[in-house]
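Novice: Got a predicted structure here, sequence first:
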Amino acid sequence: MKNNLRRVVLALWLGMPALMHAQNPFIREQYAADPTARVFGNKVYVYPSHDIIPPQGQRTDWFCMADYHVFSSENLTQWTDHGVILSQQDVPWGNPEGYSMWAPDCVEKDGRYYLYYPNATRQGRGFAIGVATATSPTGPFTPEAKPIEGVTGIDPCVLIDDDGQAYIYWSGMGIRGARLRADMKSLDGELHEVELPRRDSVAAPARVRVGGEEMRGLPEGFKEGPFAFKRDGRYYLTFPWVRGQKGADGNNPTETLAYAMADTPLGPWTFKGIIMAEHDNGCWTNHHSLLHYKGEWYLFYHRNWLSPNDDKRRSPCIERVAFNADGTIQEVKQTLRGVGINQATEKIHIDRYTSASDDVTTQLIDTVAPLRGYGATLQGHGSWLRYDGVDFSCLTDAYLAVCAKAADNTELCIRAQSPHGRVIARVTMTVKSEMRFPGMTAPRVRDQSNQWLTLATAVEYVPKGVTDLFVTCNGAPVSIDWVQFKNRPAYFTPAATATAHPDAQGYIRRWMLLEPIRQDIRSNTIFTNSWLNEVFHKTWFKGQMTAIPHDGQQVKAAGQTLKWHALDSEHYNMRLFRFAEKYGSQTYGSLFWGVTVIDCPEELKDVRLAAGSNGASIWWLNGEEVLMLEGDRRMVEDDGMSARLTLRKGRNVLRCAVINGPGLSDFCVRFLGEGNTPVTNYELPSR
Amino acid sequence: MNTNTTETCTRLCAALLACQCSLLNMQAQVGAPYIHDPSTIAECEGKYYTFGTGGGGLISEDGWRWSGGAERPGGGAAPDVLKIGNRYLCIYGATGGGLGGGHNGRILTMWNETLDPTSPRFKWTTAVEVCASDGMEDQDAIDPGLLLDPTTGRLWASYGTYFGTIRLIELDPATGTRLAGNKERDIAIDCEATDLIWRDGWYYLLGTHGTCCDGVNSTYNIVVGRSRSVEGPYVDNVGRDMMHGGGRMVIAAGDRMCGPGHFGRTIIDEGVEVMSCHFEADLERGGRSVLAIRPLLWNKGWPRAGERFKGGSFEIESERRGYSLELAVDFVRMPQERQSWFNSEQMQKPAEPIANQTLDDVIGTWPQGNIDVRTSDYMFRPWQRWTITAADDKGGYLGAPYFKIVIEGTERALAATADMEVATVPQYTGADEQLWCIQQLTDGTFRIMPKAIPGSEGVNTRFCLYAAGDSTPTLAEYDFSSDNSKWNFR
């Protein structure tokens, strides 16, 4: 039962690819190491190994990997998790409890996808490398019954040369390479019987049959994780390499990424140096791949960003790579920022900044749950950080949301191009406030200090295109997790010139709305019938019961100059609050007027006006009051109904007034025939 | 009040007592059940807990007498609490929402091994945010409610207020955190303080409609829509989507209390369910906001709050055949002039009413000691009339006090016997076997259980008044699928 439940949950979850992040590391919902990146079609697919927290019974200080996920992206900033593509339980020859699904590779040949993966064998010791195939890069992958004969080791990498010949490289008794047969599942050439190096724990020396050859020309020292590729006719063999000596002063005996070059796929190789230096935090491993995508070269590698105290739980990163004219590779520095242009509407984790003033620090948001990622702390006035490559062209009607935390009230600014650049948005953080209520002697204190808060603020200026974004602190220290620009929904569009009709459910979405008349209403309890009758029947402006206004026409009401707007609603209801916000600014305490013209091709008898409104409303058809919704009410479909009415042939005019104090205002209205069938056979002309 | 006087006096006193008790009984709960937005009632180590807006909450030993003392940090509004495995998950809105305070909301979850604040194991984990509203959206991230789907094991939360939509999110039941990649889904408008429940292939979304926080003028009420999928659409009884404001009333004002809000469902036994909520104003308690626990009835797949059982004088009718519980005493005939339709002289006279048979007419024929009970044709005779009143200071169970059941006008009380039968004793003493737990079942009938059975340890929760035969009541194991377990008060 429990298992079944798990499977259901898993299956449902698989159907729901998750959006991953830009910046380093680019996968944060889980640990993932050894990222092999490939281009299939016009997308990048990353096949990492999947580090997990060891379950009970497994060594807590060792690698632990039970399955593979695959991730894809078109822009290297937004990643989709396609879920599990192969699990240790599914490998016929593998140890189902081995937790040894180490670094994989995946290549495509003739429309089939070949996943190469190491795994602990069911019997015996050591690793073998298996193949699983699929017709899609995201699987499902079907594993072969047996591992590749003649391969003992880990870290497979497959290179398909321009002539179609495939080569496999792996790590085991040095770095080895071999030709693959056309089936992509077996080694070409003879196998040789060799004795495995003795291990203290194993009594008898094991003998295995091994194919291929050891790659020559590589430097001394520990090597693993070969990744081979071809560029401009040259072959590259890249690999993690420990150059430091244990115990030697100044040396760091952990892995660099290094490379050698050759004119042929299997060498001999000429060692060229390092691509990336050792991690500066002691993380022992690194394992990588290089990728050519949309004209640029990238290095994918890993580091234990989200597991600072345990280097067996790693996360994948990306950097740009540059080549010299002679084909050698320029050393790559690790960054927080990673690669890619961010759309301003993405969640931008600002703690992955490009550069910052010296006082800026980053720290895990939750040291117990490191997958929650980092926050960046600006220590005070003058503190800044820069985040490059944000594309603002996706913004239409935007505001800024920020996830931030502060110990005291403070202010921060988002600016363009420099720490003193133009302010895009200003965020006032009020984490401590007091409110006084009548009848209470002590003020009510609201303290949200030192809590992560999501705040929204207006955007003052929208930069054009791609720019660098700066965050500056204008007060007390503030920590920021992310910033995100959000486009507000388009609740309305200006009424189109084409004639409209009620929607399929009969809702009238085309209205002429007057900017709201200010009303001093502090509570909605006053909407009694008598009060409403007085307010609704008062003359607020000239022609309020007779005029058919046109778009942009102005009227004077209660000392205000107000404009009519001809609008089509995006929704079945007219969201007056958002209309007021956009055009009138008076969102709470408003009296709205609406007019719509209904052209009937024939007389429609015995129909009812069905309306819902928030708050109270009144409705007139052709000058005659047909319905009032009184009291403090919510907008509910078909809340109130008029008596049976006749829509006359030709022109009819429907008017309404809606009044509300605090809260959202909206209305929905339609005509219903007998049996509550929506009336839709009339026109809403353009004006 | 003492009742060791003459029989007549006893009867008078009993009548007075009944009156007073029913007044006491007007209260929703005893103790200090003051709360707003009570979380679904949680049981922990033999006590009941509910948490409210603003931090803190209520504790009850028996489900009837409630007092403050529950502890929840974080303040904010409208929490919900759910036991998952051997831990309690609390979800709450850290902000106040509301009209003046902006709509910048955050919802957090935290765990505790126990809800008992006096336990050394009582420690809330650090609260983790699961969703937020940024203040600009048609959204207000407060008022969360939890559902652990019994069919899939998936954990869901609904949240939101009138300011925009009610939203659904999925959480990881192992951690209480938001499931990676889960996107919010809009499932309703026009309500707040929502809760999700599952029953018999349907998901139900219960929302609070109407106006909050206006004391005796609050029009708060609880409405429901249902869906075959947890993700909606939630549709009401006339086919209206809750995204268009649909919803069918589950509970409204009444019983001198108004403004019910913040639904929670508790399943006590098969066919025995209660709903918890608060009333914005209890007119018996100065218009304060109080906890209420009502029977939850189900009719054709729709939930509705049952009335609070307050006692009174009734026939106790078996759902089995319709026979009525009575004393096994002589059937005392009523005198009557024989009426003959062919006697024209008699037919010319006006038809005079006949007085009911009275207790005095028959009580002399009854034995003095214990009298057995049986079920028989209901003839509204004194040996068939029962007065049910809340037993003073005898505690209760979820939502109601224990009741005493006596023959109307006497202190002759229905009691469980050691041989698992029922009988009456001449004098109510307040002994546990004379106290009855009366619960309205989901189909509207009632279950009647003795608090204790002589010779058996502890509080009885298995055996109920049961129709063994058409004429033979007994005590037997409660079985919702059998009408033998069910009774009606008429």
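Specialist: Alright, I've got the coordinates. Numbering: from 1, shown residues only, chains lettered A, B, ... in the order given.

Novice: count of residues packed around residue 76?
Specialist: Here I'm looking at chain A. By the measure other Cβ atoms under 10 Å in any protein chain shown, the count of residues near residue A:76 is 22. C-beta: built from backbone N, CA, C; applies to glycine.

Novice: could you do chain B instead?
Specialist: As a measure of burial, residue B:76 has 23 neighbours, counting by other Cβ under 10 Å.

Novice: is it true that it touches residue B:56?
Specialist: No. Between residue B:76 and residue B:56 there is no contact under Cβ atoms under 8 Å: 11.8 Å.

Novice: what distance separates stretch A:431-438 from the centre of its chain?
Specialist: 36 Å (Cα atoms, centre = their mean, to the nearest Å).

Novice: what's near enough to touch the residue nearest to residue B:318 when sequence neighbours are not counted?
Specialist: Of all residues not flanking residue B:318 in the chain, residue B:467 sits nearest, at 4.4 Å (Cβ to Cβ, 6 or more residues apart in numbering or on different chains). Taking Cβ atoms under 8 Å, 6 or more residues apart in numbering or on different chains as the criterion, residue B:467 is in contact with B:318, B:319, B:320, B:321, B:323, B:375, B:473, B:474, B:483, B:484.

Novice: Torsion angles phi and psi at the residue of chain B found nearest chain A?
Specialist: Scanning chain B for the residue nearest chain A gives residue B:181, at 2.7 Å (criterion: Cβ to the nearest Cβ). When quoted as degrees, to the nearest 10, the phi and psi of residue B:181 stand at phi 80, psi 0.

Novice: Now do the helices in chain A.
Specialist: A:2-14, A:529-536, A:576-579 (DSSP state H).

Novice: Comparing those by mean pLDDT, which bottoms out?
Specialist: With a mean of 40, helix A:2-14 has the lowest mean pLDDT of the helices of chain A.

Novice: mind giving me the domain ranges of the chain?
Specialist: Defaulting to chain A. Taking automatic domain parsing as the domain assignment, the record places the domains of chain A at A:19-197+A:205-321, A:342-433+A:445-487, A:492-676.

Novice: if you could check chain B rather than the one you did, that'd help
Specialist: The domain map for chain B lists B:7-24+B:311-333+B:355-489, B:30-305, with the assignment taken from automatic domain parsing.

Novice: how long is the longest one from one end to the other?
Specialist: Length of domain B:30-305, first residue to last, Cα to Cα, to the nearest Å: 20 Å.

Novice: re earlier: let me have the domains of chain A in JSON lines, extended by distance to residue B:191.
Specialist: JSON lines is the format used below for the domains of chain A (distance: least, Cβ to Cβ, whole Å):
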{"stretch": "domain A:19-197+A:205-321", "distance to residue B:191": "30"}
{"stretch": "domain A:342-433+A:445-487", "distance to residue B:191": "23"}
{"stretch": "domain A:492-676", "distance to residue B:191": "8"}
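
Novice: how about the ones you listed in TSV, adding distance to chain B?
Specialist: Formatted as TSV, the entries for those read as follows, by distance: least, Cβ to the nearest Cβ, whole Å:
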stretch	distance to chain B
domain A:19-197+A:205-321	4
domain A:342-433+A:445-487	4
domain A:492-676	3
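
Novice: Give me the pLDDT value at the closest residue to residue A:210 other than its chain neighbours.
Specialist: Nearest in space to residue A:210, with sequence neighbours left out and distances taken as Cβ to Cβ, 6+ apart, is residue A:194 at 5.2 Å. In this prediction, residue A:194 carries a pLDDT score of 82.

Novice: Surely residue A:194 touches residue A:214?
Specialist: No. With the criterion set as Cβ under 8 Å, residue A:194 and residue A:214 do not qualify as a contacting pair; they are 10.7 Å apart.

Novice: tell me, what's touching the two both at once?
Specialist: Taking Cβ under 8 Å, 6+ apart as the criterion, residue A:194 and residue A:214 both touch residue A:173.

Novice: Common neighbours of residue B:76 and residue B:56, please.
Specialist: Counting by Cβ under 8 Å, 6+ apart, residue B:76 and residue B:56 have no contacts in common.

Novice: which stretches of the chain have low pLDDT?
Specialist: Reading this off chain A. Low-confidence segments of chain A, defined by pLDDT under 70, are located at A:1-22, A:124, A:197-206, A:247-250, A:687.

Novice: oops, chain B please
Specialist: Chain B contains residues with pLDDT under 70 at B:1-29, B:96-101.

Novice: Quick check: the residue of it positioned farthest from its centre vs residue B:354, distance?
Specialist: For chain B, the largest distance from the centre (Cα atoms, centre = their mean) belongs to residue B:345, which lies 57.2 Å off. Counting by Cβ to Cβ, to the nearest Å, the gap from residue B:345 to residue B:354 is 20 Å.

Novice: what do you get for residue B:330?
Specialist: 20 Å.

Novice: contacting residues for residue B:237?
Specialist: Going by Cβ under 8 Å, 6+ apart, the list of residues near residue B:237 reads B:248, B:302.

Novice: Could you list the contact residues of the stretch 301-450 of chain B toward chain A?
Specialist: Applying Cβ under 8 Å from any Cβ of the partner chain, one finds that the stretch 301-450 of chain B does not approach chain A at all.

Novice: Which residue ranges of the stretch 301-450 of chain B form helices?
Specialist: In the stretch 301-450 of chain B, helices defined by DSSP state H, counting those that start in this stretch lie at B:344-348, B:359-362, listed in chain order.
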